[in-house]
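[1] Got a predicted structure plus its sequence, pasted below:
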Amino acid sequence: MPRIAVTGAAGQIAYNLLFSLANGAVFKDEPLSLFLCDLPAFEQQLNALAMELEDCAFPNLKEVEFGSDPFKLFERVDYAILLGAKPRTAGMERGDLLKENGKIFVKQGQALNEVASKQVKVLVVGNPCNTNCLIAQHHAPSLPKKNFHAMMRLDQNRAIALLAKKAKCSVSDVSRLVVWGNHSATQVPDFTNARIRNRAASEVIREKSWLQVEFTETIRQRGTMIIHARGKSSAASAAHSVIESLRSLIHPTPEGDFFTSGVNSDENPYGIEKDLIFGFPCRSFGNGEYEIVSGLPLDYFIREKIAVTQEELITERECVREWL
Ligand code: NAX
């Protein structure tokens with residue numbers, strides 16, 4: 001029976017996530033328990049959320065607990081979905097945000113280390129998610145590094161949807177889409193290795209400048225465009241990406257395909273600096289076991305962009321050095 005902790009549970013992604021999670025979107029026909037964590041000031045919202053979950057009478061939802069102490073709520077959890085983070089406020093530098101949120105992930109990493117299942121799979125969504133994930137991982141030395149993921153699935157899904165729209169085909173015709181690096185404006189959505197109906201995407205979409213400039217920039221700016229359009233950041237699409245990130249981990253990846261996850265770079269086959277959480281192509285064997293897919297050719301265009309996103313992650317790591 002999976003035990004699942006969700007932080008930032010009073011926030012908007014959680015509200016779009018918890019009901020489908022409780023209704024079997026990831027763990028079909030399996031009983032599960034939810035442990036909802038937010039700041040003490042949000043206790044009333046968590047109580048309301050627990051009541052609504054109860055009112056759905058989901059057959060497989062066996063238990064809902066809520067509170068603000070990760071050392072209690074992470075006890076023996078098999079999955080931890082870390083949504084909770086402070087948003088960037090006006091005038092705040094990225095470095096300040098990193099430091100503010102860094103503290104949250106120090107404590108949550110320690111709590112995971114002490115009380116979670118030793119096989120717990122951790123998905124960090126709260127931004128800046130790659131570096132927050134690195135901090136949590138550093139504070140959980142008793143857990144395997146490879147069990148920590150930063151969510152890059154929304155970036156992958158956005159890239160797949162845009163390629164399908166341009167090629168006038170179904171999203172299920174697009175495969176092998178990796179977004180390298182950081183979940184930020186330097187991310188590298190890789191059209192060079194993507195395939196559309198099993199042909200190279202660049203053979204199907206023959207406008208090189210569209211692929212190199214418009215495609216890349218649209219994916220990088222998509223989150224900002226959503227914020228401008230709705231006045232808030234993506235929530236339903238982010239929640240769906242959480243579901244898909246978990247599904248990809250627990251089910252074997254179809255032969256020849258891969259999915260993107262931000263994972264530890266220590267043993268990566270692409271020469272990326274160690275001790276970063278970096279978007280890589282991953283292939284799952286099921287039950288959370290996976291490997292980074294090796295051997296993807298990287299042309300000069302992609303290589304150059306990967307170097308930039310890597311540099312950004314190194315700079316972020318320097319900003320939070322005190323937490324590592
Ligand atoms: P909300 O501001 O609606 O909710 C965040 C919640 O986290 C709040 O309820 C807050 O009280 C809680 N929180 C803050 N500190 C906490 C702590 N120490 N322990 C527990 N809870 C804490 O944000 P929402 O829209 O739900 O987004 C959550 C995070 O996801 C943000 O950091 C956001 O930037 C990030 N995103 C990441 C995406 C990704 O692809 N990786 C995409 C969507 C989203 O932008």
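    It's in. Computed from a prediction, not measured in an experiment: that's the story for all the values here.
[2] Quick check: most distant residue from the centroid of this structure.
    In the chain, the residue that sits farthest from the middle, by Cα atoms, centre = their mean, is Arg206; the gap is 31.0 Å.
[3] so that one, which of the three states?
    Assigned state for Arg206: coil (three-state reduction, DSSP: H, G, I helix; E, B strand; the rest coil).
[4] which residues does it contact?
    Neighbour list for Arg206: empty [criterion: Cβ atoms under 8 Å, 6 or more residues apart in numbering]. No exception for glycine: its C-beta is placed from N, CA and C like everyone else's.
[5] One more: Ser234?
    Contacts were defined as Cβ under 8 Å, 6+ apart; by that measure Ser234 touches 154, 223, 226.
[6] buried residues in stretch 125-138?
    For stretch 125-138, a neighbour-count test (16 or more other Cβ atoms under 10 Å) marks 125-138 as buried.
[7] Go back to those residues and keep what's next to the ligand.
    125-127, 129 (Cβ under 6 Å from any ligand atom).
[8] Tell me which two of those residues sit farthest apart.
    Taking Cβ to Cβ as the measure, these reach their widest spread between Val125 and Asn127, a distance of 7.8 Å.
[9] Tell me which residues are up against stretch 104-122.
    By Cβ under 8 Å, 6+ apart, the list of residues contacting stretch 104-122 reads 3, 5, 7, 70-72, 74-80, 82, 84-86, 124, 126, 132-133, 135-143, 147-149, 246, 249, 288, 323.
[10] That one and the ligand in contact?
    Yes - taking Cβ under 6 Å from any ligand atom as the criterion, stretch 104-122 and the ligand are in contact, through Ile104.
[11] CA atoms only for that stretch, dumped as CSV, please.
    Listed next in CSV are the C-alpha coordinates belonging to stretch 104-122 (Å, rounded to 0.1, in the frame of the first residue of the first chain):
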residue,chain,number,x,y,z
ILE,A,104,12.9,24.3,3.3
PHE,A,105,14.7,21.5,1.4
VAL,A,106,17.4,21.1,4.1
LYS,A,107,14.7,20.2,6.6
GLN,A,108,12.7,18.1,4.3
GLY,A,109,15.8,16.2,3.1
GLN,A,110,16.7,15.5,6.8
ALA,A,111,13.2,14.3,7.5
LEU,A,112,13.3,12.0,4.5
ASN,A,113,16.6,10.7,5.7
GLU,A,114,15.4,10.0,9.2
VAL,A,115,11.8,8.7,8.8
ALA,A,116,10.9,7.8,5.2
SER,A,117,11.2,4.4,3.6
LYS,A,118,14.8,3.7,2.5
GLN,A,119,13.4,3.1,-1.0
VAL,A,120,11.4,6.4,-1.0
LYS,A,121,11.2,8.1,-4.5
VAL,A,122,11.3,11.9,-4.2
